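**Q** My questions concern the predicted model and sequence given below.
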Amino acid sequence: MHSFAALTHSRKFLAAVTAAVIALALASPSHAADETDAPKDGAKGATVTVLKAAKFCFPAIVEASGIIIPREETMVRPDRPLLRVAEILAEPGDTVTAGQNLARLTPPEGGNVMVQAPVAGLISASTAVIGALASPRGEALFSIIARSEFDLVGMVPTQYISKLAVNQTARVRIVGAGEVEGKVRRVSATVEPNSQLGQVFVAITTNRRLLVNSSGRALITTGKSCAVAVPLSAVLYGTAGTVVQVVRRARVETKRVELGLIYGAQVEIKEGVAEGDIVVARAGALLREGDQVRPIMAAAEGN
């Protein structure tokens with residue numbers, strides 16, 4: 001009798017516990033559903049780094065290709081005839097000062113006549129040979145590039161000549177010497193009729209040793225243009241044309257764009273993307289139109 005009562009009591013206890021659990025579950029169904037759905041919605045899509053398309057000022061550049069020439073070259077000769085070279089005191093490649101002795105000559109009557117540098121600069125060539133005759137009307141004993149100053153004489157298509165002006169700055173890339181600073185010194189008033197190219201003289205500022213007739217290219221800044229820009233890494237080139245991937249409402253939209261100026265890592269967007277649009281920083285073929293993504297703003301937008 002006692003054991004039957006205990007069993008009955010145990011069954012009643014289990015039934016009460018079960019009822020309480022069911023009641024608790026039924027009391028908050030919406031909360032349980034929210035807890036299940038929220039992580040799934042937030043976790044959809046690949047994580048992509050994005051940035052805002054922003055205004056960037058591009059320098060307007062005109063390119064001029066040509067060669068390096070002395071800006072001013074001085075020929076050195078003796079001031080009297082019938083002199084013979086007795087000693088050579090300077091060689092091509094030497095940098096000399098104004099008044100420095102370059103050679104010692106001897107006249108027929110004996111004694112010495114010193115040939116001196118009329119200007120400071122770089123000796124570019126010499127014909128002096130010991131024992132040879134020298135005269136005011138003969139071949140120059142020395143050629144000096146005055147003040148060691150050089151120009152790049154470059155050729156520019158006719159349509160760009162009007163954009164050039166004296167004192168515009170330039171970056172000059174010279175074969176064998178790297179990149180140096182320059183400034184437009186003179187712009188030709190005419191063009192070559194067959195090629196339709198005009199000359200521009202760019203003064204070069206550098207302490208480096210330059211070689212006459214080396215080839216070079218001047219990038220002359222003629223102004224600037226401010227427009228919407230994105231990094232080059234955001235642009236895709238394919239059969240569909242040139243596109244940029246924009247993120248709107250966490251989904252990818254592919255926008256065909258028209259590109260303009262390029263400077264450094266930035267490219268001008270003439271059409272297709274507006275200022276403030278959220279752009280995939282590194283566009284890739286794995287992202288497709290309509291894909292859901294989780295955008296993360298780049299720490300540095302590069303503009």
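**A** Thanks, I have it.
**Q** ranges for the strands of the stretch 201-303 of the chain?
**A** 215-231, 235-238, 241-248, 251-256, 258-263, 266-271, 278-280, 293-297 (DSSP state E, counting those that start in this stretch).
**Q** what's the fifth one in contact with?
**A** Here strand 258-263 makes contact (C-beta atoms under 8 Å, 6 or more residues apart in numbering) with 56, 58-61, 225, 227, 232, 235, 242, 267-272. (C-beta placed from N, C-alpha, C; glycine too.)
**Q** Using CSV, write out every CA atom in that strand.
**A** C-alpha atoms of strand 258-263 as CSV (Å, rounded to 0.1, in the frame of the first residue of the first chain):
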residue,chain,number,x,y,z
GLU,A,258,33.9,55.0,-68.7
LEU,A,259,37.5,55.6,-67.6
GLY,A,260,39.4,58.9,-67.9
LEU,A,261,42.7,60.0,-66.5
ILE,A,262,45.0,57.7,-64.6
TYR,A,263,47.5,58.9,-62.0
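**Q** what angle separates that strand from strand 241-248?
**A** Counting by axes from the mean of the first three to the mean of the last three C-alpha atoms, to 10 degrees, strand 258-263 points 90 degrees away from the direction of strand 241-248.
**Q** All the helices of this structure, in order from the start?
**A** For the chain, helices defined by DSSP state H occupy the ranges 2-27, 29-42, 158-161.
**Q** could you say what helices and strands the shortest one packs with?
**A** Of the remaining helices and strands, those touching helix 158-161 by 3 or more C-beta pairs under 8 Å, 6 or more residues apart in numbering; DSSP states H and E are strand 178-192, strand 197-205.
**Q** in that helix, what counts as buried?
**A** By 16 or more other C-beta atoms under 10 Å, the buried positions in helix 158-161 come out as 160-161.
**Q** Check the average confidence over that helix, would you?
**A** Helix 158-161 shows a mean pLDDT of 94.
**Q** do the same with stretch 190-197
**A** 94.
**Q** do the same with stretch 93-106
**A** For stretch 93-106, the per-residue pLDDT averages 97.
**Q** What's opposite residue 243 in the beta bridge?
**A** residue 236, residue 256 (DSSP bridges).
**Q** who are the neighbours in contact with it?
**A** Applying C-beta under 8 Å, 6+ apart, the residues near residue 243 are 235-236, 254-257, 283.
**Q** Show me where the stretch 201-303 of the chain dips below the pLDDT cut-off.
**A** 300-303 (pLDDT under 70).
**Q** sorry, back to before: determine which stretch of the helices and strands packed on helix 158-161 is the most buried.
**A** Burial of the helices and strands packed on helix 158-161 is given as mean neighbour count (mean count of other C-beta atoms under 10 Å); strand 197-205 ranks first at a mean of 21.
**Q** Could you list every helix and strand in contact with that strand?
**A** strand 54-70, strand 150-157, helix 158-161, strand 169-174, strand 178-192, strand 215-231.
**Q** Please render those as TSV that adds distance to residue 130 to the earlier fields.
**A** Shown next, in TSV, are the helices and strands packed on strand 197-205 (distance: least, C-beta to C-beta, whole Å):
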stretch	distance to residue 130
strand 54-70	27
strand 150-157	31
helix 158-161	50
strand 169-174	35
strand 178-192	37
strand 215-231	36
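**Q** Quickly name whichever of the contacts of strand 258-263 is closest to residue 121.
**A** Lowest distance from residue 121 to the contacts of strand 258-263 (C-beta to C-beta) belongs to residue 61, with 31.6 Å.
**Q** so where's the stretch 51-200 of the chain shaky on pLDDT?
**A** For the stretch 51-200 of the chain (pLDDT under 70), the answer is none.
**Q** I'd like to know how far the residue nearest the centre of the chain sits from residue 57.
**A** Centroid-nearest residue in the chain: residue 264, 4.2 Å away (criterion: C-alpha atoms, centre = their mean). Per C-beta to C-beta, to the nearest Å, residue 264 is found 12 Å from residue 57.
**Q** Domain boundaries for the protein, per the record?
**A** 46-58+226-297, 62-69+148-225, 74-146 (automatic domain parsing).
**Q** before we move on, the earlier item: any of the contacts of residue 243 buried? List them.
**A** 235-236, 254-255, 257, 283.
**Q** Taking those residues together, which two end up most distant?
**A** The widest separation within the buried ones among the contacts of residue 243 (C-beta to C-beta) is 11.8 Å, between 235 and 254.
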